[in-house]
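Visitor: Structure for this input, please:
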Amino acid sequence: MAKIKKLKMPQILTVVGVDTVIEGDLVFSAGMHLDGTIKGNVHGRPDTDATLVVSRTGRVEGDVTVDNLVLDGTIIGDVRACNRVELATDARIAGTVSYRLLEMAMGAEVNGQLVHVEEEQCAAAAASEEPDEAV
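Guide: Below is the predicted model:
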């Protein structure tokens, strides 16, 4: 049986505080920690090991496209993770989860489909979905 490596977290460069609400799409690189709410889509820049960490108080109302997701909060929307998804006990997702590797704790909920994707499929899809650069 193959041993799965523990996720090596990139440096957290972006923090969204507990009382913060962002309305609109958000694009980030490296690591982002979310304690607040984002009402819009969240995209990690490709090839930056983009990792979104959502705490128990964190919430995303929109689609999430990242390399890695560590979730203990809520996402209402589809999730595409080109590498790994870790769902902690209080994780809640209402939408389709596309992943390469999945770790799910007892108590986590996914109300939607779980879709396994290969690395090649994810890379091709990420290139076609890359958001426009912010001005």
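
Visitor: Now do the helices in the chain.
Guide: 119-129 (DSSP state H).

Visitor: By average pLDDT, which secondary structure element in it comes out worst?
Guide: Every helix and strand of the chain was ranked by mean pLDDT, DSSP states H and E. The lowest is helix 119-129, at a mean of 66.

Visitor: and the end-to-end length of stretch 37-49?
Guide: Here the two ends of stretch 37-49 are set 22 Å apart, with distance taken as Cα to Cα, to the nearest Å.

Visitor: And stretch 109-120, by the same measure?
Guide: Stretch 109-120 has an end-to-end distance of 27 Å (criterion: Cα to Cα).

Visitor: And for stretch 94-108?
Guide: 12 Å.

Visitor: Need the contact partners of it.
Guide: 4, 63, 71, 75-92, 110-119, 122 (Cβ atoms under 8 Å, 6 or more residues apart in numbering). Yep, even glycine has a C-beta here, placed from its N, CA and C like the rest.

Visitor: Let's see that with 6 Å instead.
Guide: Applying Cβ atoms under 6 Å, 6 or more residues apart in numbering, the contact partners of stretch 94-108 are 76-81, 83-89, 91, 110-115, 117.

Visitor: Select only the buried ones of the residues you listed in PyMOL?
Guide: Burial among the contacts of stretch 94-108 is assessed by 16 or more other Cβ atoms under 10 Å; the matching PyMOL selection reads:
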select buried, resi 77+78+79+80+81+83+84+85+86+87+88+91+110+117
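
Visitor: Which of the contacts of stretch 94-108 fall in strands?
Guide: Among the contacts of stretch 94-108, the ones falling in strands (DSSP state E) are 76, 79-81, 83-87, 110-111, 114-115.

Visitor: got TSV for those residues, with pLDDT too?
Guide: Shown next, in TSV, are the ones in strands among the contacts of stretch 94-108 (pLDDT from 0 to 100):
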residue	pLDDT
76	98
79	98
80	96
81	95
83	92
84	94
85	97
86	96
87	98
110	97
111	97
114	96
115	96
